[in-house]
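# Quick check, what structure comes out for this input:
(one chain, ligands or ions: 1)
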Amino acid sequence: MIVTIDGPAGAGKSSAARSLAKKLGFRFLDTGAMYRSVTLEAARRKIAWEDSESLAQILEGLDLQVTDDRVLINGEDATEAIRTFDITTHTRYVADNLAIRQWMVRRQREIAAQDNFVTEGRDQATVVFPDAECKIYLTATDEVRAERRYQDLLSRGEQVTLAEVLEKQQQRDQRDRQRQFGGLCKAADSIEVSTDGLAPEEVLQKLEKIVASCRQV
Ligand code: C5P
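Numbers count the residues shown, from 1 in each chain. Presented below is the predicted three-dimensional model:
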């Protein structure tokens with residue numbers, strides 16, 4: 001079984017998807033981590049952000065392992081390094097790259113074919129797994145999402161202001177929605193859940209109920 005969770009940045013997808021997968025005994029796939037990893041690799045190789053061909057060439061021979069809780073790039077643990085503000089801001093160049101998106105879609109399908117999965121991203125229900133048995137679209141207001149990101153970045157020791165995080169988030173949302181291929185949008189058969197004002201356990205309970213109802217169909 002595949003459960004997809006899509007939605008904008010900071011809606012609480014990662015923690016909800018991870019805890020849902022644990023509860024169901026499923027594996028968890030963080031597809032944002034895959035785009036972030038290629039972005040980190042591009043930054044390390046000092047590739048010009050506008051050079052889409054060189055960006056796509058990163059994939060040749062790239063050993064990218066995204067497990068339930070760790071990200072390994074060519075065997076090196078990059079779990080923390082892919083989450084900086086800088087990498088977050090530049091991920092759009094990788095996410096806009098059609099060759100990279102096609103590679104990601106293939107790779108994500110290969111991974112999910114191995115087991116039951118909860119996958120999380122922007123295009124999971126619409127492009128990657130249009131036949132998924134259960135599709136969830138997680139949202140929250142701009143302010144709630146920015147506050148979450150801000151607290152997350154502070155806890156990682158980054159020097160940012162809430163206003164800066166909100167502004168970048170709005171730019172990222174707009175780009176994620178306008179992307180020609182794999183842009184963020186709610187699939188017609190996705191069930192929308194707002195996480196505003198809900199504790200993580202309450203979100204988990206809602207998601208479990210949705211999965212249970214999808215299983216009965
Ligand atoms: O979910 P996360 O914030 O880690 O995603 C980072 C970026 O990767 C998103 O802003 C989006 O541009 C891109 N992304 C994507 N498709 C996905 C997952 C992430 O384009 N399935």
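
# can you map out the strands along this structure?
In the chain, strands defined by DSSP state E lie at 2-6, 27-30, 64-66, 71-73, 76-77, 117-121, 134-139, 191-194, listed in chain order.

# what's the closest of these to the ligand?
Comparison of the strands of the chain against the ligand by C-beta to the nearest ligand atom identifies strand 117-121 as nearest, at 2.5 Å. In this view, the C-beta of every residue, glycine as well, is placed from N, C-alpha and C.

# Quickly check: that closest one near the ligand or not.
Yes. Among the residues of strand 117-121, residue 121 lie within reach of the ligand under C-beta under 6 Å from any ligand atom.

# Residues touching that strand, excluding its own?
The set of residues external to strand 117-121 that reach it, using C-beta atoms under 8 Å, 6 or more residues apart in numbering, is 1-6, 13-14, 17-18, 20-21, 24, 26-32, 108, 111-112, 128-129, 132.

# go with 6 Å
Taking C-beta atoms under 6 Å, 6 or more residues apart in numbering as the criterion, the residues outside strand 117-121 that touch it are 2-5, 13, 17, 20-21, 26-32.

# And stretch 152-169, by the same measure?
Judged by C-beta under 6 Å, 6+ apart, the contacts made with stretch 152-169 from elsewhere in the structure are 9, 85, 146, 149-150.

# Name the residues of that stretch that are buried.
Neighbour-count burial for stretch 152-169, with 16 or more other C-beta atoms under 10 Å as criterion, is recorded at 153, 165-166, 168-169.

# Let me know the average pLDDT across stretch 158-167.
Taken as a whole, stretch 158-167 has an average pLDDT of 95.

# Around the ligand, which positions in the protein sit nearby?
Counting by C-beta under 6 Å from any ligand atom, the chain comes close to the ligand at 9, 31-32, 35-36, 91-92, 95, 121-123, 172, 176, 182.

# Name the nearest residue to residue 124, sequence neighbours excluded.
Closest residue to residue 124 in three dimensions, ignoring its sequence neighbours and counting by C-beta to C-beta, 6 or more residues apart in numbering: residue 4, at 3.7 Å.

# separation between residue 106 and residue 34?
Taking C-beta to C-beta, to the nearest Å as the measure, residue 106 and residue 34 are separated by 12 Å.

# try residue 190
Relative to residue 34, residue 190 is positioned 21 Å away (criterion: C-beta to C-beta).

# If anything else comes up later, I'll come back, but that's it for now.
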